[in-house]
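>>> Fold the following for me, if possible:
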Amino acid sequence: LPELPPFKLSRDAGHNDFLGPANATVAQLGLQHGDRIFAQHDAVAAAPAAGGSAPETPQKTHIVGHSLSGAQVVQIVDEPSPQKMDTKDVKLDAVDEQLYKLDGREKLAGAEKKSFGDQSIDTMAVEPYDDRLLKEKDIKLM
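The predicted model follows:
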């Protein structure tokens, strides 16, 4: 069997209430089905391998959050989540750059300007999901 690194078990995520002694039974510790226990791993210097370098161990971290009931939840993950990319680092396709310049609005076919500077709700460009535009183009569902 492989040798396990030493660790301690506790009743809370802050490791304030350790369980012990190590040879105690579940009944002696007062644990019941559904009880949460947390492990605290002690730092152990790894023995160098035959090649002369120590094996790399993945970084472990934890994420603290709350459940829907409001209880605090701690999740241990192997690697930290990657940092969010800056919007300046995102490369757009040529098609995306052209579509970004358009606003997607269209004029209704029956909209006419009556005179210079005359603007009304009927002459303004409408959104692509506007009911009047959908009826005009005979689109049933969108």
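>>> Shouldn't residue 73 be within a strand?
Yes: assessed by DSSP: H, G, I helix; E, B strand; the rest coil, residue 73 belongs to a strand.
>>> so it bridges to which residues?
Beta-bridge pairing of residue 73 under DSSP bridges involves residue 65.
>>> I'd guessed it sits against residue 36; true?
No: assessed by Cβ atoms under 8 Å, residue 73 is found out of contact with residue 36, at 9.9 Å. C-beta coordinates here come from the backbone N, C-alpha and C atoms, glycine included.
>>> Buried ones in the top helix by length along the chain, by neighbour count?
As assigned by DSSP state H, the longest helix anywhere in the chain is helix 94-101. Within helix 94-101, no residue is scored as buried using 16 or more other Cβ atoms under 10 Å.
>>> those strands in the protein, which residues are they?
With strands called from DSSP state E, the chain shows them at 7-10, 38-41, 61-66, 72-77.
>>> which other residues reach the second one?
Judged by Cβ atoms under 8 Å, 6 or more residues apart in numbering, the contacts made with strand 38-41 from elsewhere in the structure are 5, 6, 7, 8, 9, 10, 11, 12, 13, 15, 74.
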